[in-house]
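Output the structure for:
(chains A and B)
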Amino acid sequence: MKLKYIFPILFIALLNVSCSSDNDDDDSGITNEVTGLTKIQDLINDTHTIELFNTTGQFKTGYNAISLRVIDNATNSYVEDANLSWIPMMQMPTMEHSSPKSTITKTLGKDTVYDGFIIYQMTNLDGSGWSLTVNYTINGIDYTVTDAITVLQNDNQNSASFMGSDDSRYIVALAEPNEPKIAINDLKVGLFKMENMMTFPVVEDFTITLDPRMPGMGNHTSPNNTDLTYNSAEQMYNADLALTMTGYWVLNLKLLNTNGEVLKGEDVTEENTQSSLYLELEF
Amino acid sequence: MKKFIIFSISLFFSGFTFAQENTTFTKKDTTKLEEVIVLGRRKLSNYRQEKTLSSIDEFLEKSNKITMIKRGNYAWEPSINNMTSDRLSVTIDGMQIFGACTDKMDPITSYVDVSNLEKVSIGSGQEGTENGHCVGGNIDLQIPKSKYFESGLKTSADVGYETNGNYKTGGLDVEYSGNKFYINADGIYRKSDNYDAGNSKEILYSQFEKFNVSLQTGYKLSENQSFDAHIIYDKATDVGYPALPMDVSLAEALITSVNHNYSNDSTFIKTLETKLYFNTITHIMDDSKRPDVPIRMDMPGWSDTYGFYSKATAQVNKHLLAFNFNGFYNRALAEMTMYPNDSDQPAMFMYTWPDIRTLYTGIYAKDSYALNNQETIVTSLRLGYHRNKIAKAVGLESLQIFYPEIDATKSRFLTSFSSNYNLKKEKSNYSFGVGYGERAPSVSEGYGFFLYNSFDNYDNIGNPTLKNEKAIEANFKADYIFNNFTIGLESSYFYLMDYIIGNIDTTLSPMTIGANGVRVYNALPNASIFDMYVNTSYKFSNTISANASVGYNYGKGSNNKNLPLIKPFSFLAELNYNIKTFNAALQLEGNGNQSNYSNFYGEDETPSYSVLNLNLGHVFFLDTNKFILKYGVENILDTTYSTYADWNNIQRQGRNFYMNVSVVF
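Predicted coordinates:
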C-alpha cells in the first residue's frame, strides 16, 4: 500500500535531481548575475576562461567599467575565490605603455562576478594595439592569460592625458554619470599621474574646477555646479554637475594641486571659450 | 435716467445701435464698464461694431480698461488695469482655459471668435473673481444662453475685406430654434497677408490664417430644466509674430461643455446652472520661415483642462445672492528641442513647462443688497484651494537644479474679497469700492524653465517658492449729467504685495543665444498701480454727438523702478452722426509720450502718436433680406507709429480701407 505512494515520490524526486544537474551546465541562477551586461570578449588559456563584460559589449577610449568572471575549463564552473589583477598594454611603434586601472575586487552581493575599471587613454584608428593580461591566483596557484583586445575610439573626449605645469603627465577620465539627466548629476572623475610607462597612481587631494558649457548654445552654462574634490573612499573626484538640457556639453576643467597652483586649464571667458583641459559629454 | 446713460453710451458706439434697451456696452469713451456686449441676440449680426466681423481682439480694444498687447496682427494679449494674463482671470463662459504657449502667444481670447459669443463681461480688480482668483480683473467671454425662440430656421452670412494685408473674412451662421429644441452652427474664416505700416512699409511675418466653428444645441426637459451642449473648434495656422523670433504653425483648441440649467421663480434657489467642461489646446511654434536664426528649434506646448462649476442665484428680501462652486484640473506641458548648427551634435531638449498639474477648487458668494432705490452694496467673497504638482520626474529634477530643496507639490490657500457701494441719483452716480485679493503664480512664473522673453531679451526661470501675490484695491467712479453734457471720472488704485516680476540674476547664464541674461521670477515687496480716466460727452442734437476721454496711468515698484507695460497718457475724441439707416464716426485716438517707461524691465521710450479713423455704416433692404454695410478708413493719414503695448515697438497698421457686408435671410 505504502509503496504505491513511495514509488511515485521517489520517481519525481529523481527526476528533479536529474533536471537540476542538467541545468548546472548553464546555471541560470548565476547567469543572472550579469543580466544587463554584454560580453566583450573571452580571455582563454588552458585552464580557465576569463569573461569580460560591460554595458555596451565594447571597449572604448576613456573610462571602462568592466565585470569579469572566471570559468574553470575542466569543470565548466565559475571560480568564486580568485585573486585577480590586470595589465592593459598599448604597443606603439617605438614603445609600449600601460594605462590607469583599478584593482579587481569581488562585486558586492555577487558570487561569481569581479569588477574594476581601465582607462584607455588612446587607441589606433582600427581599434588595434591594446592587449590585456590578467594575472590571477586560485588556491595559491598563479595563472596568467593574455590576449589582444579591441579598443574603439570614443566619439567624445571623456578622458584627457596632459602635461601639467609641474612637468608631470596626468590623466583625467569621466567615470560618471553613466546616464546623464536634466538635473544635478553626480559627477565622478578619476585623476591619475603617469609616473612611468607602467605606473599610474591615483592623485589625491587636488582640486579640479568645473565649468560645464554648451558650445552649441552660445556657451550656455548651468548654475549650482561644484568643483571636483577628492573622495578617499572612492579614490575619485566628486562634484555636482547641473545639466539644464540634453545635448552636447563640454566640461571645462582646471587642475589645481594641493597648494592651489594651476597645473592645467584656464577659465572660460568671452574670449577664451574653452579650457585646454576639458571632457565632453553627450546625451 | 439709466436709459439716458445707456442711450448716450450707445451713441458713442459708432456702429448702429440696435441695442435692446436693457443692455449696456462700453467703449473707450464710456463711463460705465461692467459688461461689453459683443453680440445681440443673433450671432454675427453685431451691428453695433464698427466692423461686423472684427475680431474679439479688436473688440476688446475698444473697452476703456483694456489694452491689447500686440506681438503681431493676431492673438493680442488683453491687459486690464495695466495688468496682463498672469494677473487676470480669463474664462470662456465660466470655463477655465489656459494657453499652451510659454511665450504668451496664445491668449485665451485667440481661441474664440465673435461668432461664438454673446457678450464679454469684464470685471475690474476684485469685482472679477466670480470664476477665479485674480488681482487685475476678469474677462469672461460668454457664449449665448439657450435660445428657445421658436423662430425656425435662420441664416446669416457675412463677408469682409480690408485692403491693408489683403485681409479676407467670411462667416456663416445657421440656426434652428423651436420651443423645446434649438441648434446653432456657425463658422468663421480669416486670412490676412502681411500688413503694411505707414508709408507702405511691409511688416514681415504678420500674416495669419484661422477658422473657427462652433455648434451649440439645447433641449428643454420641462419648464424648469434644460440641457445644453456646446463645442468650439478653433484652428489657426501660419500665424506670423513679427515682434518675436518665432512664428506659430498651429494653434488649435477644442472647447467643449455640457450644461444643466434649472430655474424656478417660486423656490428659494431661483436658478441653478451646472456645467462640466473639457478643453484642450495644442500650440506649435515654428521658425522654419525665418531665414536667419541663431539656432533652429521646435517649441510645442499643450494645455488640457477639465472642470466644472455650479452657479446658483437666490433672493432673500432685499439681498440678491449668487453662489459659484467651481473646480478645475489643468495639465500644462511644453518642451523645446533645439537643433545645433553643427549637425554632429545631438539635438538639445528640455521641458520648458515640466508637466505642471494644477488643481483648484473654490467657492464664491456675492450679495447685492439694495439699501433703498438709490443705494446698493455689493459684497463678494471667494475662497479657494490651489495645488501645483510637477508630474514629470525630469521636470522636478530640472527645476531642482535651481531650487534643490523643492518638492513636487505646492499647495496654497487663496482669498478674495470686495465690497462696493453704489449711489444712483437723477443727475449723478457714485460708486466706491475696496477689495483684497490673492493669486497664485502662473505656471510660467512658478515653473517656467528658460522662457525667452524677446521684449527685454532675457531668459526667465520660474520660481516654485513664490508667495501668493496680494492686492489691496480701491476704486472710485462718479458721473455727472448736465442736460446734454456728461462728465465722468473713474479711478482705481492697486497696492500689490509680493508683486511677482523677473529679477536679473547675474550669476546665471542665458540659454537663448544672444540673450542679455537670465531673470528669475521673484517678488518685489510691493508695487503700486494707479489709473484715472475722465470721460465726457456732449449731445449736439439727436443725430450728432461728441465724446472725449483722457486717461492717466502710473505704476511703480518698491525698488523705485517703473513697472513695465504701463499705459502713458492717452486720449480719444470722437464725433458721431447717426440716423436710422446711416451712421458716421470720426475718431481721433492717441497716446502721449511714454516718459515713465521702464528701462529696467526692458522698455524703451515710445513717442507720442495719434491716428484718425473714419467709420461708416449703412442699412438697406432688398426684398425681405436685410443688408448691413460697414466701411471706413483706419489710420487715414497713414501715420507710422507704435504704442507702448507693441512688443518690441512693432509698427501698427498704416492706412486701411475696410468693408463688411452682412446679409440676414
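
residues touching the residue lying closest to B:Ile566 once chain neighbours are set aside, list them.
Closest residue to B:Ile566 apart from its sequence neighbours, by Cβ to Cβ, 6 or more residues apart in numbering or on different chains: B:Gly555 at 3.9 Å. Bear in mind the C-beta positions are built from the backbone N, C-alpha and C, glycine included. Applying Cβ atoms under 8 Å, 6 or more residues apart in numbering or on different chains, one finds that B:Gly555 lies in contact with B:82, B:527-530, B:562-563, B:566.

Ok, B:Ala157 next?
Shown here is B:Ala157, whose contacts under the criterion Cβ under 8 Å, 6+ apart are B:170-173, B:662-663, B:665.

Is it possible to get a markdown table of those residues that adds secondary structure?
As requested, the contacts of B:Ala157 are exported to a markdown table (DSSP: H, G, I helix; E, B strand; the rest coil):
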| residue | secondary structure |
| --- | --- |
| B:Gly170 | strand |
| B:Gly171 | strand |
| B:Leu172 | strand |
| B:Asp173 | strand |
| B:Ser662 | strand |
| B:Val663 | strand |
| B:Phe665 | coil |
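
Are any of those buried, and if so which?
In the contacts of B:Ala157, burial by neighbour count holds for B:170-173, B:662, counting by 16 or more other Cβ atoms under 10 Å in any protein chain shown.

Point out where chain B drops to low pLDDT.
Residue ranges of chain B with pLDDT under 70: B:1-53.

which of the contacts of B:Gly555 are buried?
Among the contacts of B:Gly555, those buried by neighbour count (16+ other Cβ under 10 Å) are B:82, B:527, B:529-530, B:562-563, B:566.

Start from the N-terminal end of the stretch 51-200 of chain B and give the strands.
For the stretch 51-200 of chain B, strands defined by DSSP state E, counting those that start in this stretch occupy the ranges B:66-69, B:77-80, B:88-92, B:95-96, B:119-124, B:137-142, B:152-162, B:167-177, B:181-192, B:196-197.

would you list those strands in a markdown table and tack on distance to B:Leu466?
Putting those into a markdown table (distance: least, Cβ to Cβ, whole Å) gives the following:
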| stretch | distance to B:Leu466 |
| --- | --- |
| strand B:66-69 | 23 |
| strand B:77-80 | 21 |
| strand B:88-92 | 17 |
| strand B:95-96 | 20 |
| strand B:119-124 | 24 |
| strand B:137-142 | 21 |
| strand B:152-162 | 43 |
| strand B:167-177 | 41 |
| strand B:181-192 | 38 |
| strand B:196-197 | 39 |
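
Pull the number of nearby residues for the residue lying closest to B:Thr465 once chain neighbours are set aside.
Leaving aside its chain neighbours, B:Thr465 sits nearest to B:Tyr403 (6.3 Å; criterion: Cβ to Cβ, 6+ apart). Neighbour count of B:Tyr403, defined by other Cβ atoms under 10 Å in any protein chain shown: 16.

same deal with the one 4 residues further on?
By the measure other Cβ under 10 Å, the count of residues near B:Asp407 is 11.

which SS class is it?
coil.

So which residues on chain A come close to chain B?
A:181-184, A:214, A:216-224, A:242-248, A:282-283 (Cβ under 8 Å from any Cβ of the partner chain).

The same query, at a cut-off of 6 Å, please.
Taking Cβ under 6 Å from any Cβ of the partner chain as the contact definition, chain A meets chain B at A:181-184, A:216, A:218, A:220-221, A:223, A:242, A:245-248, A:282.

Just the buried subset of those, written out for ChimeraX, thanks.
Buried members of those, identified by 16+ other Cβ under 10 Å, are gathered into one ChimeraX selection as follows:
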select /A:182,183,184,216,218,220,221,223,242,245,246,247,248
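
Sitting in helices, which of the residues of chain A next to chain B do you find?
The helices in this structure, assigned by DSSP state H, contain none of the residues of chain A next to chain B.

all strands of the stretch 501-650 of chain B, in order?
According to DSSP E, counting those that start in this stretch, the strands that the stretch 501-650 of chain B contains are B:517-539, B:544-557, B:570-579, B:582-591, B:609-622, B:625-634.

and the angle from the last one to strand B:609-622?
This means strand B:625-634. With axes from the mean of the first three to the mean of the last three Cα atoms, to 10 degrees as the basis, strand B:625-634 and strand B:609-622 are set at 160 degrees to each other.

Just give the strands next to strand B:625-634 in its sheet, each with its orientation.
Sheet pairing here is set by DSSP bridges, and for strand B:625-634 it gives strand B:609-622 (antiparallel), strand B:656-664 (antiparallel).
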